Structure formats: C-alpha cells, structure tokens
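Chemist: please find the sequence and the predicted model below.
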Amino acid sequence: MRHLKTKELLGSTALTRKGEDEDTTDIVNKALETLTQTVDDLLKDMEGKADTSKLTERLDKLEAKSNRTTGDQDTKDEPSDERKAFGSYLRLGNNIPAEEAKATEATEVAEAPKTPEPEASPEASATEEAGKKKEEAE
C-alpha cells in the first residue's frame, strides 16, 4: 500500500458529481427526500399487512382487568387490639398494662384428643428388665 502525498490528493474529489446540480447540499437534500419517501412507503405497506385486531383485543382485556375493583378491602387506620398489645410487649417487655396483656392471651381451645401410648412388645420389656438388672448389679 502506497501513501499518497498531499499534492496528489488535491486533484481528487471524494464526492463525484453527477448531473446538472453542482451544489452538494442540493444533492444531499434530494437523497434525504427520496430516502424518507421510500421509508414512509415501506412503513405504510407493513402497517397495511399487519393484523392488529388480536393485539387490540388483548390490550382491551388487560385494561378491563386492571380497571376492576379488588373487592371490599377495608383499610383500617387503627391496628387491632392484638397488634397494639404486641407493640407494647416489644416496647415494654413483661411490664405491659393488664388490659393489653389480656389481648395477648390465647383463646381457650378444646383439648385435643390424646393418642394412646403404644404397647410395649415382649422383647422391649425383656431388654428393659435386663438393663435394670445390670444397673442393680453395679
């Protein structure tokens, strides 16, 4: 590759002029106009071919779903008695007032049925007796 000297570059032009227009800005402006026109034509063709009815239906469904009310959600400004008592417990420890201590007490629950104790097998009782005899012997 051979490097060109500045004197050699003076005669060459990077932009080749074709046609009657000698002004480069006019050439660039015309090229931009034709480019924008072709891009606009292509976009119109693509919009005409695309079926957006399914997309608009989905968007309408999503919009309707987002506009629905969420039901009767009561937003309480004041906390419940249990929350107040718990907050007092966190702040004061076991020194909470008696009124708030009542709110923290668990409600009486019916006693759950007890499961029967498994009956010991004769082998297990024999090993227990042998263990007791060893302890007595020592």
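Modeler: Yes, it's here. Residues are numbered from 1 along each chain as shown.
Chemist: average pLDDT across the top helix by length along the chain?
Modeler: Criterion DSSP state H: the longest helix present in the chain is helix 24-49. Per-residue pLDDT values over helix 24-49 give a mean of 90.
Chemist: cool, and stretch 90-103?
Modeler: Mean predicted confidence for stretch 90-103 is 76.
Chemist: what lies in contact with that stretch?
Modeler: The set of residues external to stretch 90-103 that reach it, using Cβ atoms under 8 Å, 6 or more residues apart in numbering, is D81, E82, K84, A85, S88, Y89, T104. Every residue, glycine included, has its C-beta placed from N, CA and C.
Chemist: let's see it at 7 Å
Modeler: D81, E82, K84, A85, S88, Y89 (Cβ atoms under 7 Å, 6 or more residues apart in numbering).
Chemist: narrow these to those that are buried.
Modeler: K84, A85, S88, Y89 (16 or more other Cβ atoms under 10 Å).
Chemist: pLDDT on stretch 129-138, on average?
Modeler: 74.
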